[in-house]
Each structure stands twice: as structure tokens, then as C-alpha cells.
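Enquirer: could you work out the structure for the sequence below:
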Amino acid sequence: MAAVLPLFDKHELDAIRYEREELLKRLQRGGMDAHSRIRTEQKVKLLTADLIRLELRMGLVR
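Expert: Presented below is the predicted three-dimensional model:
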């Protein structure tokens with residue numbers, strides 16, 4: 001059964017997923033100093049937490 005998503009939440013969810021994927025790609029490429037890598041990893045963790053919270057709020061995760 002498909003869930004009907006509020007438009008605002010759908011846009012927010014898409015934006016978080018996109019930003020997280022871009023940061024993960026940047027981490028995989030490498031070539032950054034340790035400080036930048038740590039900051040980027042922290043940002044990925046925060047975006048993942050935001051993504052999970054939003055999915056829970058929208059009822060996408062059981």
C-alpha cells in the first residue's frame with residue numbers, strides 16, 4: 001500500500017537524501033584532510049538521524 005506524503009515532507013525528505021548521498025560520494029572519493037573528513041562524517045551522521053526521524057514521523061518505517 002502506497003503512503004500519501006505531505007508535499008512539504010516529501011521535498012524535505014528528498015533534499016536530505018540527496019545531500020546525504022552527495023556527502024557519501026565525496027567521502028568515497030577521498031582526497032580530503034582529516035579535519036574535513038571528520039566534519040563530513042559528522043554531517044552524514046546528522047543527516048541520517050534527520051532522515052530516520054522524518055521517515056518515522058511520516059510512517060515510512062515500521
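Enquirer: for the helix or strand hosting residue 11, list every residue counted as buried.
Expert: Using DSSP states H and E, the element containing residue 11 is helix 7-29. Buried positions in helix 7-29, judged by neighbour count with 16 or more other Cβ atoms under 10 Å: 13, 16, 20, 23. C-betas here are computed from N, CA, C, even on glycine.
Enquirer: now do stretch 46-60
Expert: 47, 51, 54, 58.
Enquirer: same for the helix or strand hosting residue 46, what does it pack against?
Expert: Following DSSP H and E, one finds residue 46 within helix 34-58. The contact analysis (3 or more Cβ pairs under 8 Å, 6 or more residues apart in numbering; DSSP states H and E) places helix 34-58 against helix 7-29.
Enquirer: what mean pLDDT does the helix it packs on have?
Expert: For helix 7-29, mean pLDDT rounds to 91.
Enquirer: kindly report the same for stretch 54-62.
Expert: Averaged across stretch 54-62, pLDDT comes to 80.
Enquirer: distance from the chain centre to that stretch, please.
Expert: 14 Å (Cα atoms, centre = their mean, to the nearest Å).
Enquirer: repeat that for stretch 41-50.
Expert: Per Cα atoms, centre = their mean, the displacement of stretch 41-50 from the mean C-alpha position of its chain is 6 Å.
Enquirer: kindly report the same for stretch 22-39.
Expert: 15 Å.
Enquirer: separation between residue 11 and residue 36?
Expert: Residue 11 sits 28 Å away from residue 36, taking Cβ to Cβ, to the nearest Å as the criterion.
Enquirer: with residue 55 instead?
Expert: Distance, residue 55 to residue 36, by Cβ to Cβ: 28 Å.
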